[in-house]
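Colleague: Everything below, folded, please.
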Amino acid sequence: MPVFFSFAQVREDLAHHTAGISQEQLWKRVAGNNSLGFHLKHIAGSIHRLTTYLASGALSADQLEFLQNELTPSDSLPHLLALIDSSLHAAEQQLLRIDPATLYEPRAVGRHSLPTTVLGLLVHLAEHTQRHLGQAILISRLLQTS
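Modeller: Numbering: from 1, shown residues only. As a prediction, this is how the structure comes out:
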């Protein structure tokens with residue numbers, strides 16, 4: 001359940017903290033940080049990638065291309081929020097199908113096949129998503145006060 005709570009917080013906090021952000025602000029770098037747009041794209045993409053590893057899958061060419069383009073200014077705020085919601089929804093559906101008996105099964109992450117378990121990936125999915133949520137909130141606040 002903690003992963004689901006993490007996802008609910010992402011939806012609520014992003015809706016609140018990104019309200020009123022312009023397209024120009026979305027892709028502006030603030031105080032040496034990556035743009036809000038990057039963090040939003042990264043949240044959506046990383047959820048998709050981590051759930052691929054959770055299912056013992058390999059990243060697709062589309063996922064790798066998405067990763068390479070996360071810094072590229074492109075999408076609008078409504079599109080990025082919808083992309084995040086879609087990634088969260090797909091992940092939630094996948095998480096509901098996890099058999100608790102598999103929590104300690106091995107999994108591999110990334111091109112170096114770093115070792116972890118199903119449980120390790122669940123923890124990482126929640127904490128990594130929260131990390132970028134916090135960065136998105138901070139950048140949103142900086143944008144709205146500058």
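
Colleague: Okay, and the nearest residue to Leu26 once chain neighbours are set aside sits in which element?
Modeller: Once its chain neighbours are removed from consideration, Leu26 has its nearest residue in Gly37; the separation is 4.5 Å (CB to CB, 6 or more residues apart in numbering). C-betas here are computed from N, CA, C, even on glycine. Taking DSSP states H and E as the criterion, Gly37 maps to helix 36-54.

Colleague: what's the answer for Pro115, then?
Modeller: Short version: Pro115 belongs to strand 114-117, going by DSSP H and E.

Colleague: Quick check: mean pLDDT of that strand?
Modeller: In this model, strand 114-117 has a mean pLDDT of 97.

Colleague: Tell me the helices and strands packed up against that strand.
Modeller: Using 3 or more CB pairs under 8 Å, 6 or more residues apart in numbering; DSSP states H and E as the contact criterion, the secondary-structure elements in contact with strand 114-117 are strand 106-109.

Colleague: switch the cut-off to 10 Å
Modeller: Contact partners of strand 114-117 among helices and strands, from 3 or more CB pairs under 10 Å, 6 or more residues apart in numbering; DSSP states H and E: helix 36-54, strand 106-109, helix 118-145.

Colleague: Show me the residue at the heart of the protein, geometrically.
Modeller: Central residue check for the chain by CA atoms, centre = their mean: the C-alpha nearest the mean position is that of Ile43, 1.9 Å away.

Colleague: can you count the residues close to Val3?
Modeller: For Val3, the number of neighbouring residues by other CB atoms under 10 Å comes to 19.

Colleague: again with Leu40
Modeller: Close neighbours of Leu40, defined as other CB under 10 Å, add up to 27.

Colleague: How much space separates it from Met1?
Modeller: Distance from Leu40 to Met1, counting by CB to CB, to the nearest Å: 25 Å.

Colleague: In which helix or strand does Leu59 reside?
Modeller: For Leu59, there is no host helix or strand (DSSP H and E).
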